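Chemist: Return a 3D structure for these sequence lines:
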Amino acid sequence: MFEALVLVSMGLVALIVGGDLLIRGAAALAKRLGVSNLVIGLTVVGFGTSIPELVTSVQAALFGEPELAVGNVIGSNIANILLILGVAILIAPIHLKIGELKRDCAALGVATAAGLLVLYMSELDRLMATIFVAGVIAYTVTAYRSERNTHKPSADLHAAEAGLAGQASARLWVTVTMAAGGLGAILVGATVLVDGSVTLAQMMGVSSAVIGLTVVAVGTSLPELVTSIIAAVRKQPELAFGNVIGSNIFNVLAILGLTALVHPLHLRSGFDVVDALVFLGSAVALMVLASRLNRVVGVVFITAWVIYSASLFEHG
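Modeler: Presented below is the predicted three-dimensional model:
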């Protein structure tokens, strides 16, 4: 048990450090190349915070643990809303006009429906995976085309996300080294994390899906947690909202899609109707309560996540 916990801890640390270095290095490099803050926010930051989930899910699928791969994505989306956003709004409440972000909320609705489809069908083949990836590409292109040279709230939000990733370095080799080193740390960390997680699940007598929905999901979501807390502390809580909603869209469409393109996913067991309902309910709650995300909601979100996670281990 101790050795498994050490492996999991080492893997998570490598993912956290690697994710931070990759995003900072890639964002700084993009700024040096003259890429706009809007594009950096939509792509480098949006997809970059999901890289740990991507590499971990691909490793899990190749390792013969599709439940761990899917649980990682579903659990990450749940944790992003209930735990990470919950913590962020405890620090600084968020008040948004849902109409200003209707496109992103619509995209989240589509991504959530896609995730539910995977849980219902218990598989994701390469054809459906291609549709998923095409969907996230279409969303990114549409967002860029509608927001360039504008000052829409969503455009300002995506552009401001680039500022959280740091500034361009004066030396090219520094940015390249940061990005490459971060990616290397993520690759090593994901391998160690998957190995440790499978061993931990076996020793605890629970399914790999449970470990994926909890330990792995929270661990790979830590970059989002760090970003959201920084945004809240800087009195820019709306960036925490944008970070979470963008990450959840990427998680399902890009991560599950790319993972299944590498290795089709065929689930054996491990998920039930409760997991689907919490996954759906958290997304609906985010969209319905977007205009009044106060500290009371934050407490409710965090409490709901704790109860759900505890129930997973209780029922195995």
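Chemist: quick one: the helices in the stretch 1-150 of the chain?
Modeler: Assigned by DSSP state H, counting those that start in this stretch, the helices in the stretch 1-150 of the chain fall at 2-32, 37-39, 46-48, 51-62, 66-79, 86-91, 102-121, 126-147.
Chemist: Also compute the angle for the last one relative to helix 102-121, please.
Modeler: Spelled out, that is helix 126-147. Relative orientation of helix 126-147 versus helix 102-121 (axes from the mean of the first three to the mean of the last three Cα atoms, to 10 degrees): 170 degrees.
Chemist: when you give positions from now on, start the count at 507
Modeler: Done: numbering now begins at 507, and the last item shifts to helix 632-653.
Chemist: Just give me how far helix 632-653 sits from the chain centre.
Modeler: 17 Å (Cα atoms, centre = their mean, to the nearest Å).
Chemist: Return the set of buried residues in it.
Modeler: Across helix 632-653, burial judged by 16 or more other Cβ atoms under 10 Å covers 634-635, 638-639, 641-642, 645-646, 649-650, 653. (C-beta placed from N, C-alpha, C; glycine too.)
Chemist: would JSON lines of these with pLDDT and distance to I751 be doable?
Modeler: Conversion of those to JSON lines gives the following (pLDDT from 0 to 100; distance: Cβ to Cβ, whole Å):
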{"residue": "M634", "pLDDT": "96", "distance to I751": "23"}
{"residue": "A635", "pLDDT": "96", "distance to I751": "22"}
{"residue": "F638", "pLDDT": "97", "distance to I751": "17"}
{"residue": "V639", "pLDDT": "95", "distance to I751": "19"}
{"residue": "G641", "pLDDT": "94", "distance to I751": "15"}
{"residue": "V642", "pLDDT": "91", "distance to I751": "13"}
{"residue": "Y645", "pLDDT": "87", "distance to I751": "11"}
{"residue": "T646", "pLDDT": "84", "distance to I751": "14"}
{"residue": "A649", "pLDDT": "77", "distance to I751": "12"}
{"residue": "Y650", "pLDDT": "76", "distance to I751": "16"}
{"residue": "E653", "pLDDT": "63", "distance to I751": "15"}
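Chemist: closest one to N754 among the helices of the stretch 507-656 of the chain?
Modeler: Nearest to N754 among these is helix 572-585; the distance by Cβ to Cβ comes to 4.7 Å.
Chemist: where does the stretch 707-822 of the chain dip in pLDDT?
Modeler: 743, 821-822 (pLDDT under 70).
Chemist: can you give me the helices in it?
Modeler: Counting by DSSP H, counting those that start in this stretch, the helices of the stretch 707-822 of the chain are 714-717, 723-726, 728-739, 743-756, 763-768, 779-794, 801-821.
Chemist: how far off helix 779-794 does the last one point, in degrees?
Modeler: Between helix 801-821 and helix 779-794, the angle formed by their directions is 170 degrees, by the same axes, to 10 degrees.
Chemist: what's the answer for the third one, then?
Modeler: In this structure, helix 728-739 runs at an angle of 30 degrees to helix 779-794, with the same axes, to 10 degrees as the basis.
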